[in-house]
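Colleague: Sequence and computational prediction follow.
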Amino acid sequence: MNDEQTHERGLDEQHAGLSRLGRARLTITDDLEFDALPYSLFASRVVDERFPHTAALSWTTERSGIDEALPYALATSRGIHLNTVLLDLEAVLGSSCLAYVYLRQGMFFVRTAARELPVLADAETWLRSCFPLLQPTEDQRVPITFWSLGGHGAHASARTIAVPDWGDIEGNYPSGVREQLGALVTGFRPAAGGQLVLWHGVPGTGKTHALRAPAWEWRPWCGVHYVTVPEQFFGRSSYILEVLLPEDD
């Protein structure tokens, strides 16, 4: 083979390589879990149809199921504690928009994708109307988010619990403690940059029970989160950040 033939063969191989590259498609692989089917379809469509804008949000919701969104569902996976659904919201918003919804134990997670950036905000407004924020009730029940650490990082679940009025339980505490707690429960607002309140005492002195009273008194401005294993929370920086910096922030 002479130099000219060698050169031509090299060019043919380059053209063949470029042709194969042009036909190549980005593929997504994962272990198959049927609960993840709506998300797999969501991710595939975002890639295949080249949606340029995405957003992720989460909040506690009073809804326990996905019935409100079913008219727009392309795929669902429903169980006792977990519901997932892929939504096509074009008919609602008048523009192409997909939403993957993950609903588990009072926690609502959604990832949206759209061709136009403003549509993401419209999708959030619609989703919040379908899955309203969990609110305190008149019978003194407040939503609390419970955090634990699992194999895939921080895990959140939400429920409403009954909480006492401070006036009903203040008599359980010595006068010195009662005075300081009363000021904290009824007159406290954190500084603009946040504030840490450390309350310590031996087991059985009523710390956890008393903390329910601020949950009711502070309900206009405070969301309550309970970390179940504080040693893990303070021992792993990634766990702290997942709890303190949710995706919608």
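Modeller: Cool, the structure landed.
Colleague: Now the spatially most central residue of the chain. Nearest residue, chain neighbours left out?
Modeller: Closest to where the C-alpha atoms of the chain average out (Cα atoms, centre = their mean) is S58, at 3.4 Å. Leaving aside its sequence neighbours, S58 sits nearest to F109 (Cβ to Cβ, 6 or more residues apart in numbering; 4.6 Å). For every residue, glycine as well, the C-beta is placed using N, CA and C.
Colleague: Whatever helix or strand that neighbour lives in - contacts with which helices or strands?
Modeller: Per DSSP states H and E, F109 falls inside strand 107-114. The criterion is 3 or more Cβ pairs under 8 Å, 6 or more residues apart in numbering; DSSP states H and E, and the helices and strands that strand 107-114 contacts are helix 37-48, strand 53-60, strand 97-104, helix 117-130, strand 153-162.
Colleague: hmm, try it at 6 Å
Modeller: Secondary-structure packing of strand 107-114 (3 or more Cβ pairs under 6 Å, 6 or more residues apart in numbering; DSSP states H and E): strand 53-60, strand 97-104, helix 117-130, strand 153-162.
Colleague: Relative to the whole chain's centre, how far out is whatever helix or strand comes next after the third one?
Modeller: Note on helix 117-130: by DSSP H and E, the next helix or strand toward the C-terminus is strand 141-150. Shown here is strand 141-150, whose average C-alpha point lies 12 Å from the average C-alpha point of the whole chain (Cα atoms, centre = their mean, to the nearest Å).
Colleague: Just want the angle from strand 141-150 to strand 107-114.
Modeller: Following axes from the mean of the first three to the mean of the last three Cα atoms, to 10 degrees, one obtains 80 degrees for the angle between strand 141-150 and strand 107-114.
Colleague: and this structure, what are its domains?
Modeller: The chain resolves into domains spanning 34-130, 141-244 when parsed by automatic domain parsing.
Colleague: Quick one: mean pLDDT for the shortest one?
Modeller: The one in question is domain 34-130. What domain 34-130 shows for mean pLDDT is 90.
Colleague: Repeat that for stretch 170-185.
Modeller: Here the average pLDDT along stretch 170-185 is 87.
Colleague: Would you mark the buried spots in that stretch?
Modeller: Residues 170, 173, 177-178, 181, 184-185 are the ones in stretch 170-185 that count as buried (16 or more other Cβ atoms under 10 Å).
Colleague: Closest to A158 out of those residues?
Modeller: For those, the closest approach to A158 (Cβ to Cβ) belongs to V185, at 22.8 Å.
Colleague: correct me, but that closest one touches A213?
Modeller: Yes. Using Cβ atoms under 6 Å, V185 makes contact with A213 at a distance of 5.1 Å.
Colleague: what is in contact with these two at once?
Modeller: Residues touching both V185 and A213 by Cβ atoms under 6 Å, 6 or more residues apart in numbering: W166.
Colleague: Report the spatially closest residue to E217, excluding sequence-adjacent ones.
Modeller: If the residues on either side of it in the chain are set aside, E217 comes closest to V185, at 5.2 Å by Cβ to Cβ, 6+ apart.
Colleague: Please read the previous query as pertaining to T137.
Modeller: Leaving out its chain neighbours, the residue that sits closest to T137 by Cβ to Cβ, 6+ apart is T160, at 6.8 Å.
Colleague: picking up where we left off before, out of the helices and strands packed on strand 107-114, flag the one nearest R219.
Modeller: Nearest to R219 among the helices and strands packed on strand 107-114 is strand 153-162; the distance by Cβ to Cβ comes to 11.5 Å.
Colleague: who does the closest one touch, helix- and strand-wise?
Modeller: Using 3+ Cβ pairs under 6 Å, 6+ apart as the contact definition, the elements that strand 153-162 packs against are strand 107-114, strand 141-150, helix 237-244.
Colleague: So for it, what gets flagged as buried?
Modeller: Result for strand 153-162 [16+ other Cβ under 10 Å]: buried residues 154-156, 158, 160.
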